[in-house]
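Q: Sequence first, then the predicted structure, then my questions.
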Amino acid sequence: MDALRAQMARQGYALPGLSAKERERVWYSLAGKRRRAQLTAMLQLDEDAIEALVASVRQERAQLSKRR
């Protein structure tokens, strides 16, 4: 799951190969700051940089939600 959080932070909300339910599960764990220390280590970024990535994913998710 940590690898999926890191991938979503880097690539955005629409991870290929995941169902909508799986994407939401990864999103909630990412937005909920679960295992943030591990994510910081994987991405080699500080907390502020990760928060900026999460904000970007949040915007992408919101845009996709509006289209439905």
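A: Sure thing, it's come through.
Q: helix, strand or coil for residue 14?
A: Of the three states, residue 14 takes coil under DSSP: H, G, I helix; E, B strand; the rest coil.
Q: Please look at it and residue 65 and confirm they touch.
A: No - applying CB atoms under 8 Å, one finds residue 14 not in contact with residue 65, separated by 11.8 Å. Glycine gets a C-beta too; all of them are placed from N, C-alpha and C.
Q: Quick check on the two: which one has the bigger neighbour count.
A: residue 14 (13 against 9; other CB atoms under 10 Å).
Q: contacting residues for that one?
A: Residues in contact with residue 14 (CB atoms under 8 Å, 6 or more residues apart in numbering) are 23, 60, 64.
Q: in the helix or strand hosting residue 38, what counts as buried?
A: For residue 38, the host element (DSSP states H and E) is helix 36-43. Residues of helix 36-43 classed as buried by neighbour count (16 or more other CB atoms under 10 Å): 39, 42.
Q: Alpha carbons only: can I get it in CSV?
A: Output of helix 36-43 as CSV, limited to C-alpha atoms (Å, rounded to 0.1, in the frame of the first residue of the first chain):
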residue,chain,number,x,y,z
ARG,A,36,3.5,9.5,6.2
ALA,A,37,7.0,8.8,7.6
GLN,A,38,7.3,5.8,5.2
LEU,A,39,6.0,7.9,2.3
THR,A,40,8.5,10.7,3.1
ALA,A,41,11.3,8.1,3.0
MET,A,42,10.0,6.5,-0.3
LEU,A,43,9.7,9.8,-2.1
